[in-house]
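Asker: Need a 3D model of the following:
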Amino acid sequence: MVPRSRKDQVLAPQRQWSTAMLAGIAILTFASGAPATEIGPAPTTEDGRFENPGGPLSHGSFGVRFSFFMRRMAGAFGNRGEIPDRIDNDGAFLRENAGTRRPTVTWVGHATLLVQMDGVSFLTDPIWSRTASPVSGIGPGRFVPPGIKFEDLPPIDFVVVSHNHYDHLDLPTLEKLARRSPDTRFLVPLGNAELLESRGIDRVEPLNWGESVQIREVTVYAMPAQHWSQRGLTDRNRSLWASWAVVGPERRFYFAGDTGYFDGFRKVGDALGPFDIAAVPIGAYRPVEMMREAHMNPEEAVQAALDVGAGAAVAIHFGTFDLATEPLDEPPIRFREAGHAADQQTWVLDIGETRDF
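Answerer: Prediction:
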């Protein structure tokens, strides 16, 4: 059986035929080249670093950043609020559903979703590690275990990675996925392929904004995001960041990844929308001065879903890792309220919950 939320199922079946027709129109429009000239490629600086279309991002004053990191090290973020509910998903339905056309989305935790649509199963920013850090066991830790055990996953056709921060590009998980199946393809923004290949992951495909690959019946597009990259002391913005759109004959899915709010969402919607569902990050927005240009707050996440033309917006990037100072239960409350005010369907899944879309 599909683990279901206490919340109602909200997507009507009659959307299927109109969505399929719009999918074909949008693919032809994108392929014509007009939207592509607006979408990519990503801009770069003279020394070859990637940058956002609006220029460098502000990460707040030194005082704000220093205070944040000292408080994190001391564990002094105060009352963290309630953690998300979790369903123990044994994966039986998801394995049975693999290769079918029944569209589902499962929140594993943080920005990790298992999506099944149009005969494919794929993961977004998969991380099963207990900490998001270059050193195992040290760094921001999980408040809630993954909603499905790694060994209970269905066969994975492909993985999309938004950028190289440790809570999104988790090498131990990617290595396990590659060992589990030599057929799994790993789609990454430019500049990230070498990192995966250095760990023996072979089927890596780097994409710039506006580029796409075909996987069975779906087309996967690398699209813009407003963020940054860094894993070491000297590699800031040497690799690209991206959002991802997966367009099939029956369903259309958008993964915003990790991003601040920017006008690129409207361009994505114009080029490839509307989408049946958009996964939007709603957490890690405090301290505001430090986070606001690289992360969305819940109200901005709702607006981003509206911009891309999403039938429903599913919340990600909250309540899993200790990354910011807002209470853990504040983002979903604000997200639901903003969705109601804007007449945008908002889904806040339990960790491990599977829902049809």
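
Asker: which intervals of the stretch 201-350 of the chain have sub-threshold pLDDT?
Answerer: Along the stretch 201-350 of the chain, no part satisfies pLDDT under 70.

Asker: can you map out the helices along it?
Answerer: Assigned by DSSP state H, counting those that start in this stretch, the helices in the stretch 201-350 of the chain fall at 264-272, 288-291, 298-308, 330-342.

Asker: and the first one, what does it pack onto?
Answerer: So that's helix 264-272. Helix 264-272 is packed against helix 15-31, helix 34-39, strand 218-223, strand 243-247, strand 252-255, helix 298-308, with contacts defined by 3 or more Cβ pairs under 8 Å, 6 or more residues apart in numbering; DSSP states H and E. Where you see a C-beta, it was placed from the backbone N, CA and C, and this is true even at glycine.

Asker: swap in the third one?
Answerer: Using 3+ Cβ pairs under 8 Å, 6+ apart as the contact test, the elements touching helix 298-308 are helix 264-272, strand 275-281, strand 310-316, helix 330-342.

Asker: repeat for the longest one
Answerer: In terms of contact count using 3+ Cβ pairs under 8 Å, 6+ apart, helix 330-342 is assigned the packing partners helix 298-308, strand 310-316, strand 345-347.

Asker: returning to what we had before: want to throw the helices and strands packed on helix 298-308 into TSV with distance to residue 352 and mean neighbour count?
Answerer: Shown next, in TSV, are the helices and strands packed on helix 298-308 (distance: least, Cβ to Cβ, whole Å; neighbours: other Cβ atoms under 10 Å):
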stretch	distance to residue 352	mean neighbour count
helix 264-272	28	23
strand 275-281	16	28
strand 310-316	14	25
helix 330-342	16	18
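
Asker: got TSV for those, with distance to residue 122 too?
Answerer: Output for the helices and strands packed on helix 298-308, formatted as TSV (distance: least, Cβ to Cβ, whole Å):
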stretch	distance to residue 122
helix 264-272	17
strand 275-281	12
strand 310-316	15
helix 330-342	24
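
Asker: Which of these sits closest to residue 204?
Answerer: Closest of those to residue 204 is strand 275-281, at 22.2 Å (criterion: Cβ to Cβ).
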